[in-house]
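Undergrad: Just to be clear, the model below is a prediction. Sequence and coordinates:
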Amino acid sequence: MGWHNPPSMEASIGPLLPLYERERAAGHAVALGVLVHTVGSTYRKPGALILISADGEYAGLISGGCLEGDLREHARAVIGSGAAANVRYDMRTADDLLWGLGLGCEGAMQILLLQAGPANGWQPLAHLAAALTAHQRTAIGLLVESEDPEARPGKVVLPTDAGSSAPLPTSLATPAVQEVLRRAAASGEARWLEQPSWKLFALPLSLPPRILLLGAGPDALPVVDFAVRLGWKVTLVDHRASYAVPSHFPRAEGVVLARPETLTDAIDLAGF
C-alpha cells in the first residue's frame, strides 16, 4: 500500500453547476469526466473536470475544444450503460495523424468518465456542490483502475461525515481510504492511494477565494462584478447606511452595515 503526491490540483465545479442543475431538475443522468493522468504537454492537468449531458452539451474543458467532440461519444455510452470508462488520448506523434487539428501540445491524457444520476444520488456532483455552497473543504475518492470484482472503476468514495448511505465494497471501507481523503482535503492536493488490486484518485474540491471589500460605494460595483465573473465570493462592509444596501450588489455574498471598531463582531474574519 502507498500513495504519492502529484502536482497540486483541485476540482473546480463552479462552471459545471448550471448544466448539472438543469439536468438534475429534468431527471437526466450525465457523465462526469475527470482528468486523472497526463504525460508531457497538455491543455489541462489532472483534476480538470468536464460534465456532458446525454444530448452532447458540455460544461468545462479538457482540451481547447479539440477532444470534447470525441469525448461526447464515450459519454453517451457511459450514460446509457452506467458503466464507467477510462478514455485515453495520445498526441505525442510527430505528425498528429489521429486528429490533425494542431492541438498545440504533445502529451497524453487519461480521463475517467462516470455516470451521475438518479441511480447513484448524483454523486459525486451532489456532494461537491453542497460543499461548495457551504464553502467547506472536502475531497472525493474515485476508483480509476481495479481488478476487484466488488469494486469496479468509477466507484465513488465520499468522506464518512458526508452522510452517504451508499454501501462500499470491503476493500474501500477502510481507514486508509478515509485518511487519504482527509489529507487531500486539508492540503488542497490530489493524491493516489494504491493497493495491489486497485488505484484510487483522491481529488479535493477547489474553493473560490472569499474577498472582504471595505467600502460599498459606487466604485465598488466594477470590483464586485469582476470578482463574481471569476467565481469569487465577495462580502462588502460599509458604515454608511445609504451605501450598505444589498440590492446595490445583488451578486455579492453579503453586504454588511458596520463601523470599523465593530467589524470583528459583525463578521467572522477567519473565513477570509
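TA: Received the coordinates, thanks. Quantities reported herein were computed from a predicted structural model and do not represent experimental measurements. Numbers count the residues shown, from 1 in each chain.

Undergrad: I'd like the domain boundaries of this structure, if you could list them.
TA: Following automatic domain parsing, the chain resolves into domains at 14-204, 210-271.

Undergrad: Quick check: which of these is buried the most?
TA: Here the criterion is mean neighbour count by mean count of other Cβ atoms under 10 Å, and of these the winner is domain 14-204, at a mean of 18. C-beta here means a position set from N, CA and C on the backbone, and glycine is covered the same way.

Undergrad: per-residue confidence averaged over that domain?
TA: Confidence for domain 14-204, expressed as mean pLDDT, is 88.

Undergrad: Make 37 the first number, not 1, from now on.
TA: Shifting the count to begin at 37 puts that one at domain 50-240.

Undergrad: now that domain: how far from the chain's centre is it?
TA: 9 Å (Cα atoms, centre = their mean, to the nearest Å).

Undergrad: end-to-end on it?
TA: 14 Å (Cα to Cα, to the nearest Å).

Undergrad: Strands of the stretch 187-308 of the chain, start to end?
TA: Using DSSP state E, counting those that start in this stretch, the strands of the stretch 187-308 of the chain run over residues 192-193, 227-231, 234-240, 246-250, 269-274, 290-293.

Undergrad: between these, which gets nearest to Leu52?
TA: Proximity to Leu52, assessed across the strands of the stretch 187-308 of the chain by Cβ to Cβ, is greatest for strand 234-240 (13.5 Å).

Undergrad: Could you list every helix and strand that the closest one packs against?
TA: When contacts are defined as 3 or more Cβ pairs under 8 Å, 6 or more residues apart in numbering; DSSP states H and E, strand 234-240 packs onto strand 66-75, strand 175-182, helix 211-223, strand 227-231.

Undergrad: between the last one and strand 234-240, how many degrees?
TA: By that I understand strand 227-231. Interaxial angle, strand 227-231 versus strand 234-240 (axes from the mean of the first three to the mean of the last three Cα atoms, to 10 degrees): 160 degrees.
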